[in-house]
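*Asks:* Fold the following, please.
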Amino acid sequence: MYHFIGIKGAGLSSLACLLHDLGLEVQGSDVSEYFYTEDNLIKRKIKILPFDHNNIKKEYTVIVGNAFLNNEEHKEAMKLGCEVYTYNEYVGLLSKKYFSVAVSGTHGKTTTTNMIKQILAAKEPVNFLIGDGQGGGAPNNDLFVFEACEYRRHFLKYWPKVLVIINIDYDHPDYFTDIKDVQDAFSTLVAQSTKVVYNGDDACVRAIIPHDKDSSSFGLDKDNTYHAENITNDHRYTYYDLYIHDKYLTQIKIPLFGSAAVYNSLAAIATTHTLVNDIGLLKNILANYVTSKRRFEEVIINNQVIISDYAHHPTEIKATLDAIHVKYPFRRVIVYFQPHTYSRTIALFKEFCESLSLADKVYLREIFSSAREHEAIISINYLSEAINNSEVINDDEYIEEFAKYNNAVIVFMGAGDIDKLYAKYIQKMQKKDNFS
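*Replies:* This next block holds a predicted model:
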């Protein structure tokens, strides 16, 4: 039996689903509050228990979420002498067992991992872990595609055959001291990888790739192994011409918008092209790409476009708002943003103000703290005072407020629990639409 402590976490829920699909017996524990990540657990009839030290048996293999280290179940597992792993430690074992593709970068990991998984899965079965709660596979699969997060250097537990680096930016200021510290972590992971597929337009990435490393690059610059030219879009797709070694190959279309989407798709192409060796299949999968949960997840109700997006870093906010302006150039953009962690809000305060100012109107919700922060060291009011045309709403008044915006794009944005407000708003708007 594999017991997961904190099984509803994005990483642990994905891993629990994968181990279940590999034929292992799985259960887990967590809080009673609903999280969208538990949907896939319920589909597999994986048991979810309330936290209780009596859940732990000596013969269990225990995988503990980082937010629950030293809770009553973890202490009981250590006391009984169970085989205990963190999420990263167990994924590290899997990375050595399979032909593993690790997708890293400060931004875009979930989308790019999902693209790579969908392309490879069209050719042969794949084991996978995706950051939106997706995980799965089968016992005889050889390929393993997963996200590799840099926080606290957790990804240094991994030994991938192929490492993908989408970008390197400064984030997680509660752990990394500066951008050089971030680069140092990625550099170590590069050394642990057999091959690297990297963003050649990103100076922070280029600087850490050794000249003698087996590698290929992607980007908009013609010096890259894979590059895009003639980027255009209509209301449904982004199009670009794909070049390999400066030779035109084909036109690519993706149902996504903005430059970040182009880079993510180029990363997926550069990673999978030689593995699938079928450009027609690759084109078809990208053209029909199924988006990840909470990544530009949109619903149209009456005359409003309502979007849920995980963006929680200024670079990601800008990328999402740029994409919205490209797809919906004639609509007002209304953002409801919930910052994630006090330390990130303080360290990147100026950048948050600049990126959020790309919206026509900004509403803010109180900062969502992480398990590693125990004290509110900044209030959302400081951010509101620094952003023109912004205000704070911390109760359900947002529902009636947002309903006033005709023909607008309403964006629920953040990495905390703002997705629950998105779901509540959609439910209310659907009821209104039914009675209108």
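*Asks:* State the pLDDT value of S436.
*Replies:* If you check S436, the pLDDT there is 47.
*Asks:* go on, E373?
*Replies:* 64.
*Asks:* got it, and S292?
*Replies:* For S292, the predicted pLDDT is 76.
*Asks:* so what's it up against?
*Replies:* 110-111, 114, 130-132, 134 (Cβ atoms under 8 Å, 6 or more residues apart in numbering). All C-beta spots, glycine's among them, are computed from the backbone N, C-alpha and C.
*Asks:* chain center to stretch 337-350, what's the gap?
*Replies:* Computed by Cα atoms, centre = their mean, to the nearest Å, the separation of stretch 337-350 from the middle of its chain amounts to 18 Å.
*Asks:* Please identify the helix or strand for the nearest residue to G258 once chain neighbours are set aside.
*Replies:* Distances taken as Cβ to Cβ, 6 or more residues apart in numbering put A323 closest to G258, at 3.4 Å, once the chain neighbours are dropped. In the assignment (DSSP states H and E), A323 maps to helix 314-327.
*Asks:* Give the other helices and strands that that helix contacts.
*Replies:* Contact analysis of helix 314-327 by 3 or more Cβ pairs under 8 Å, 6 or more residues apart in numbering; DSSP states H and E lists helix 259-276, strand 332-337, helix 349-356, strand 408-413 as its packing neighbours.
*Asks:* Pick the most deeply packed of these.
*Replies:* strand 408-413 (a mean of 26; mean count of other Cβ atoms under 10 Å).
*Asks:* Beyond it, next helix or strand please.
*Replies:* By DSSP H and E, the next helix or strand past strand 408-413 is helix 418-435.
*Asks:* who's in contact with the residue nearest the centre of the chain?
*Replies:* With distances taken as Cα atoms, centre = their mean, T110 lies nearest the centre of the chain, 3.5 Å away. The contact partners of T110, by Cβ under 8 Å, 6+ apart, come to 130-132, 147, 292, 295, 310.
*Asks:* With distance to S14 as added columns, please give these in JSON lines.
*Replies:* Below are the contacts of T110 laid out as JSON lines (distance: Cβ to Cβ, whole Å):
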{"residue": "I130", "distance to S14": "6"}
{"residue": "G131", "distance to S14": "8"}
{"residue": "D132", "distance to S14": "8"}
{"residue": "E147", "distance to S14": "9"}
{"residue": "S292", "distance to S14": "12"}
{"residue": "R295", "distance to S14": "15"}
{"residue": "Y310", "distance to S14": "15"}
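*Asks:* Just the ones in strands from the residues you listed, please.
*Replies:* 130, 147 (DSSP state E).
*Asks:* out of the contacts of T110, who's nearest T37?
*Replies:* D132 (8.0 Å; Cβ to Cβ).
*Asks:* Hmm, T291 and the closest one touching each other?
*Replies:* No: counting by Cβ atoms under 8 Å, T291 is not a contact partner of D132; they are 9.2 Å apart.
*Asks:* Touching both of those two, which residues are there?
*Replies:* In contact with both D132 and T291: N114, using Cβ under 8 Å, 6+ apart.
*Asks:* Identify the residues contacting the closest residue in space to G219 that isn't next to it in sequence.
*Replies:* In space, and not counting its chain neighbours, G219 is closest to D201: 3.5 Å by Cβ to Cβ, 6+ apart. Under the criterion of Cβ under 8 Å, 6+ apart, the neighbours of D201 are 219-221, 224, 263.
*Asks:* and what of T37?
*Replies:* So T37 contacts 8-10, 13-14, 132-133 (Cβ under 8 Å, 6+ apart).
*Asks:* 7 Å - rerun?
*Replies:* Contacts for T37 (Cβ atoms under 7 Å, 6 or more residues apart in numbering) come out as 8-10, 13, 133.
*Asks:* Which parts of the stretch 51-200 of the chain are helices?
*Replies:* 72-80, 87-97, 109-121, 179-191 (DSSP state H, counting those that start in this stretch).
*Asks:* which of those helices is buried the deepest?
*Replies:* Ranked by mean neighbours (mean count of other Cβ under 10 Å), these are led by helix 109-121, with a mean of 25.
*Asks:* chain center to that one: distance?
*Replies:* So, by Cα atoms, centre = their mean, the centroid of helix 109-121 is 11 Å from its chain's centroid.
*Asks:* heads up, I number from 84, so please use that
*Replies:* Sure, I'll start numbering at 84, so the last one becomes helix 192-204.
*Asks:* Can you check what angle separates it from helix 342-359?
*Replies:* 30 degrees (axes from the mean of the first three to the mean of the last three Cα atoms, to 10 degrees).
*Asks:* now helix 192-204: mean pLDDT?
*Replies:* Here the average pLDDT along helix 192-204 is 96.
*Asks:* between the helices and strands packed on helix 397-410, which one is nearest to E458?
*Replies:* E458 lies closest to helix 432-439 among these, at 17.5 Å (Cβ to Cβ).
*Asks:* Give me the sheet partners of the very next helix or strand once past the closest one and which way each runs.
*Replies:* Going down the chain from helix 432-439, the next helix or strand is strand 444-447, by DSSP H and E. According to DSSP bridges, strand 444-447 forms sheet pairs with strand 415-420 (parallel), strand 473-475 (parallel).
*Asks:* now strand 444-447: how far from the chain's centre is it?
*Replies:* 23 Å.
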